[in-house]
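Engineer: Pasting the sequence and the predicted coordinates here, then a few questions.
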Amino acid sequence: MNLEELSGLPPGATDHFRQEGIEELYPPQAEAVDAGATDGENLVAAVPTASGKTMIAALAMLSAVERGGKALYIVPLRALASEKRDEFEAYEQFGITTGVTTGNYESTDDWLATKDIIVATSEKVDSLVRNGAGWLSELTCVVSDEVHLIDDRNRGPTLEVTLAKLQQLNPAMQTVALSATVGNADEIADWLDASLVDSDWRPIDLEMGVHYGNALNFDDGSTREVPVEGSEKQEAALVRDILQEGGSSLVFVSSRRNAEAAASRLGGVSGPELSGEERTELAELAAEIRDDSDTETSKDLADCVERGAAFHHAGLSSTQRSLVEDAFRDRLLKVISATPTLAAGVNTPARRVIVRDWRRFDPSAGGMAPLDVLEVHQMMGRAGRPGLDPYGEAVLLAKSHDESQELFDRYIWADPEAVRSKLAAEPALRTHVLATIASGFARTRGGLLEFLEATLYASQSSEAGRLESVTDEVLSYLERNDFIERDGKTEQTNDDAGAFTSAADLADQQRSKNEQTLEATSLGHTVSRLYLDPMSAAEIVHGLEGAEERPTALGLYQLVSRTPDMYELYLRSGEDEKFGELFYERERELLGDAPSEFEEGRFEDWLAALKTGTLLEDWAEEADEETITERYKIGPGDLRGKVDTAEWLLGAAESLAAEIDSEWTVAVREARARVEHGVGEELLELVSVGGVGRKRARRLYEAGVEEPADLRSAEKEVILGALKGEKTAENILENAGRENPSMDGVEPASGVVSATSDGSKAGTSDETNEETADDNQSSLGDF
DNA sequence: TCATGCCAATTTTAGACAGCATGTC
DNA sequence: CTAAAATTGGCATGA
């Protein structure tokens, strides 16, 4: 199908696509148009990665906007949201505006209301529904990217429920779901009342094969010699082989440590092949990486990067991740070894994809579990860059002939698994049942069940009554914790009498049970709006209610760390003892009742939360990044993630404290502010001044400048002595509201000098300094 | 007595969304 | 039910 044949697009859109080098639609895209993509018809497109899924979405959204509507594009990751934003922003040429909204992106309701296309994460959309964003009812087109993630145990139910709610909100709305090729795309299409485009067509060929011994055997029967020399690893031989043809490679491994070790070895392969110019550019990139964070992980990464290789996993900071991804896309980096993060993330195609480890540690399986076919296919789908590579190659590694055969059977010739809804899992229902009640989607038990009937789970469920029984369990949990109220007919039907009840009576009971009204309490509304798991909220509320004296920062940090919304830090061997001791030392500070030591699992969780809590405490006591990452054996990305989550949870805890009229609201606020800025209590005022962070605040404080007012009155020499650079100092003074911030001709004072004329403050600050130093040492000694 | 080298036993193990209101070194 | 690499610990050896 030719671009000219398309109708209903905004004027200028066709020209834009032509400029992008698009003349003709790919077959699956043409199929989608035939199925009514540009006419507002519902559509499920199950096609491989990089075969033009976004174009299908774009055609649907642009035609919807041209008809006077508004479109929403739902993505699973923040990083993908900005990737799509960049892509859609080009439509501004012909007057179509795009806005993004995610947890960490600026966005007000009115601002979004003016945009034609809005990009958001599924959780953000869920949150918008809960908070009743007005523009949601104006949507005429919703695109859900990577819709197969409905299968994900943690985040799948959110997407599923959100799609169901959007459809209920706007019955006339067009739904376009984009999926990887999965086993049951037809089922998803049925659920969404959509037509299906199911295709494995790709714009460039993908050859799949297994490497064993010295040979690479492809699925079409062809073979390529790739000898493994000396003691080198298979992946090294494969990377070298394709590098000699000028192709880059992506190696998927099972753990972070494996990724780092492999990258370091592969640097030995790519390093010698680099041109002088590349070396210079890579050295600059390495400097940027070291600059971003001063940790062991960063140094290791920078060392690899200098030799044209890199590792990629969630321990990297987001800046480092994008630096690596961008450099790989620009072909500056020749090889990346990555954990499965990269397979689901932003677009990073390579000529050759090597899936080295096809088993991964999975605690729920009690050991190593094979990767899903879908997951491996997603990894392999990264092979081949349209327009740049003649073809893509995906290679699995086998160590024996038997394994080689197994890999062909298990992954290359196998169909991907079916997508199964995970909605009936209790944690998921807890959140979504409360949200559904709080936002008024359901006012009775019957109404709630009716809504749940519209989910994929209900359409797949084979076990009749399961959803209903879990829902009832969840409802009583929510009622027990004062999140909802059930009215009338609450009395449980007498189970013992069941045997004697007639069928008519049962039906009658059922009916009255369904008429039972459900209403969120004020607390319930708050929890739903804050986007908390009700169980997290309950934990926090109980913790705050039980506190008899002002909670310490550690107490609050441990409290939020033991909620299900905080991702757990894992206790390493020997640490159970270490944190057990710390627990007895600081037991009095912790909020709520500790589980008994004999409750193996729960006690361990409690200690793991204590570990996370001390990490946050260290951060709030101004330990630097390097100290913390080393002490807890984590990467910079993990630290920032933890701090981020804690900030969010403590913010929510503050709202909850206000809601239940807790007397500790201020303590919570202070603990949150300390985590946010990573500073001790005494610096909180200083960091509120623009341009002052944890490091500068500490230096100013040591020089005797203790609060914003001191910035206005202290001698300039002292301030300049504490801060390096005139420009910085001037900027800070201006932010502090000083009359004449100019630093012209001011000489920095060295050493600790009294900042104020009376000199008394210098004395106090010295004392505090000693205390802080002591504190740091004692906590260092603990580890 | 202490450093060194080797082998066996032990340890470790992926990921990242969300409120609200604005800006680090 | 399943793996693999790195680290640690124990022991023998040699100076």
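Structural biologist: That came through fine.
Engineer: quick one: stretch A:340-358 near DNA strand B?
Structural biologist: Yes: counting by Cβ under 7 Å from any atom of the strand, contacts between stretch A:340-358 and DNA strand B involve A:Pro340, A:Thr341, A:Ala344, A:Gly345. No exception for glycine: its C-beta is placed from N, CA and C like everyone else's.
Engineer: Check stretch A:332-339 too.
Structural biologist: Yes: Stretch A:332-339 lies within reach of DNA strand B by Cβ under 7 Å from any atom of the strand, at A:Thr339.
Engineer: Only alpha carbons, please: show stretch A:166-174 as CSV.
Structural biologist: Only the C-alpha atoms of stretch A:166-174 are listed here, as CSV (Å, rounded to 0.1, in the frame of the first residue of the first chain):
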residue,chain,number,x,y,z
LEU,A,166,-10.8,3.6,29.7
GLN,A,167,-13.0,1.5,27.5
GLN,A,168,-15.9,1.8,30.0
LEU,A,169,-15.3,5.5,30.4
ASN,A,170,-15.4,6.1,26.6
PRO,A,171,-17.4,3.4,24.9
ALA,A,172,-16.9,4.9,21.5
MET,A,173,-13.1,5.2,21.9
GLN,A,174,-10.8,3.3,19.5
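Engineer: Check the offset of it from the chain's centre.
Structural biologist: Centroid displacement of stretch A:166-174 relative to its chain, using Cα atoms, centre = their mean, to the nearest Å, is 27 Å.
Engineer: which parts of that stretch are buried?
Structural biologist: Neighbour counts over stretch A:166-174 (16 or more other Cβ atoms under 10 Å) mark A:Leu166, A:Gln167, A:Asn170, A:Met173, A:Gln174 as buried.
Engineer: same thing with stretch A:660-675?
Structural biologist: In stretch A:660-675, counting by 16+ other Cβ under 10 Å, buried: A:Ser662, A:Trp664, A:Thr665, A:Ala667, A:Val668, A:Arg669, A:Glu670, A:Ala671, A:Arg672, A:Ala673, A:Arg674, A:Val675.
Engineer: can you check stretch A:307-322 too?
Structural biologist: A:307-313, A:315-321.
Engineer: Quick one: mean pLDDT for that stretch?
Structural biologist: The pLDDT scores in stretch A:307-322 average 92.
Engineer: does it come close to DNA strand C?
Structural biologist: No: against DNA strand C, stretch A:307-322 shows no contacts by Cβ under 7 Å from any atom of the strand, the least distance being 11.9 Å.
Engineer: Would you mind writing the CA trace of that stretch as PDB?
Structural biologist: Provided in PDB are the C-alpha atoms of stretch A:307-322 (Å, rounded to 0.1, in the frame of the first residue of the first chain):
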ATOM      1  CA  ARG A 307      37.900  -0.200  24.900                       C
ATOM      2  CA  GLY A 308      34.600  -0.100  23.000                       C
ATOM      3  CA  ALA A 309      32.600  -2.400  25.200                       C
ATOM      4  CA  ALA A 310      30.000  -1.800  27.900                       C
ATOM      5  CA  PHE A 311      27.700  -3.600  30.300                       C
ATOM      6  CA  HIS A 312      24.100  -2.600  30.900                       C
ATOM      7  CA  HIS A 313      21.900  -3.400  33.900                       C
ATOM      8  CA  ALA A 314      19.700  -1.700  36.500                       C
ATOM      9  CA  GLY A 315      22.600  -1.000  38.800                       C
ATOM     10  CA  LEU A 316      23.600   1.800  36.400                       C
ATOM     11  CA  SER A 317      22.300   5.300  36.900                       C
ATOM     12  CA  SER A 318      19.700   6.300  34.300                       C
ATOM     13  CA  THR A 319      22.200   8.800  32.800                       C
ATOM     14  CA  GLN A 320      24.800   6.100  32.400                       C
ATOM     15  CA  ARG A 321      22.200   3.800  30.800                       C
ATOM     16  CA  SER A 322      21.300   6.300  28.200                       C
END
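Engineer: The stretch 201-350 of chain A: strands as residue ranges?
Structural biologist: Here the stretch 201-350 of chain A has its strands, by DSSP state E, counting those that start in this stretch, at A:206-212, A:215-218, A:223-225, A:249-252, A:309-312, A:335-338.
Engineer: So which other helices or strands are in contact with the fifth one?
Structural biologist: By that I understand strand A:309-312. If you count contacts as 3 or more Cβ pairs under 8 Å, 6 or more residues apart in numbering; DSSP states H and E, strand A:309-312 packs onto helix A:256-270, helix A:296-305, helix A:318-329, strand A:335-338.
Engineer: same thing with the third one?
Structural biologist: Contact here means 3+ Cβ pairs under 8 Å, 6+ apart; on that basis strand A:223-225 packs against strand A:215-218.
Engineer: and the strand it packs on, which strands flank it?
Structural biologist: strand A:206-212 (antiparallel), strand A:223-225 (antiparallel) (DSSP bridges).
Engineer: wait, which of those strands is closest to DNA strand B?
Structural biologist: DNA strand B lies closest to strand A:206-212 among the strands paired with strand A:215-218, at 22.1 Å (Cβ to the nearest atom of the strand).
Engineer: now check the closest one, is it near DNA strand C?
Structural biologist: No: against DNA strand C, strand A:206-212 shows no contacts by Cβ under 7 Å from any atom of the strand, the least distance being 12.8 Å.
Engineer: can you list contacts of that strand?
Structural biologist: A:48, A:216-220, A:222, A:226, A:234, A:238, A:380-381, A:383-384, A:391-401, A:403-404, A:407-408, A:412 (Cβ atoms under 8 Å, 6 or more residues apart in numbering).
Engineer: Near DNA strand C, list only the ones from those residues.
Structural biologist: Applying Cβ under 7 Å from any atom of the strand to these, those adjacent to DNA strand C are A:Lys399.
Engineer: Among the buried residues of stretch A:660-675, name the ones in helices.
Structural biologist: In helices, defined here by DSSP state H, the members of those are A:Thr665, A:Ala667, A:Val668, A:Arg669, A:Glu670, A:Ala671, A:Arg672, A:Ala673, A:Arg674, A:Val675.
Engineer: tell me which of those is nearest to DNA strand B?
Structural biologist: A:Arg672 (7.0 Å).
Engineer: Can you find the residue of the stretch 151-300 of chain A that comes nearest to DNA strand C?
Structural biologist: Residue nearest to DNA strand C within the stretch 151-300 of chain A (Cβ to the nearest atom of the strand): A:Ala261, separated by 3.3 Å.
Engineer: For A:Gly446, give me its contacts.
Structural biologist: Going by Cβ under 8 Å, 6+ apart, A:Gly446 touches A:Asn514, A:Glu515, A:Gln516.
Engineer: just the buried members of those?
Structural biologist: Buried among these by 16+ other Cβ under 10 Å: A:Gln516.
Engineer: could you dump the contacts of A:Gly446 to JSON lines with pLDDT?
Structural biologist: Below are the contacts of A:Gly446 laid out as JSON lines (pLDDT from 0 to 100):
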{"residue": "A:Asn514", "pLDDT": "83"}
{"residue": "A:Glu515", "pLDDT": "84"}
{"residue": "A:Gln516", "pLDDT": "88"}
